[in-house]
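# Pasting a predicted model and its sequence here:
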Amino acid sequence: MEINKNDEVKIDIPVLVRYGFNIPEIANAVQENVRLSLEKMTNLSVRDINVNIVGIERG
């Protein structure tokens, strides 16, 4: 997580996705949930939330 001089947050989140799930839907849900939670808890502006799919889990 990085915070710039304008109090804007940039965060990278590694995510492991279970096989068969819709990756774009999961990535969007993670971004929205993290954005809402972070802004509510910190009053900082979230500039970027990068969801990095690090793998697909079977089972």
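Alright, I've got the coordinates.

# gap between Val30 and Asn6?
According to C-beta to C-beta, to the nearest Å, Val30 stands 24 Å off from Asn6. Quick note: C-beta positions are derived from backbone N, CA and C, even for glycine.

# To clarify, my last question referred to Val54.
29 Å.

# so Glu25 sits in a helix?
Yes - applying DSSP: H, G, I helix; E, B strand; the rest coil, one finds Glu25 inside a helix.

# Next one, pLDDT for Asp7 please.
The per-residue pLDDT reported for Asp7 equals 86.

# Not counting residues beside it along the chain, what's closest to it?
Leaving aside its chain neighbours, Asp7 sits nearest to Leu44 (5.2 Å; criterion: C-beta to C-beta, 6 or more residues apart in numbering).

# which residues of the protein fall in helices?
23-42 (DSSP state H).

# If you average pLDDT per helix and strand, which one of it comes out bottom?
Ranked by mean pLDDT, DSSP states H and E, the weakest helix or strand in the chain is strand 2-3, scoring a mean of 92.

# And that one, what does it pack against?
With contacts taken as 3 or more C-beta pairs under 8 Å, 6 or more residues apart in numbering; DSSP states H and E, strand 2-3 sits against strand 8-18.

# and the strand it packs on, what other elements does it pack with?
Strand 8-18 is packed against strand 2-3, helix 23-42, strand 45-57, with contacts defined by 3+ C-beta pairs under 8 Å, 6+ apart.

# just to revisit the earlier point, can you report how many residues lie near the residue nearest to Asp7?
Using other C-beta atoms under 10 Å, Leu44 has 13 neighbouring residues.

# Now do the contacts for it.
When contacts are counted by C-beta atoms under 8 Å, 6 or more residues apart in numbering, Leu44 touches Ile3, Asp7, Glu8, Val9, Leu38.

# Without its sequence neighbours, what residue ends up closest to the spatially most central residue of the chain?
Centroid-nearest residue in the chain, with C-alpha atoms, centre = their mean: Gln31, separated by 3.9 Å. Distances taken as C-beta to C-beta, 6+ apart put Ile49 closest to Gln31, at 4.5 Å, once the chain neighbours are dropped.
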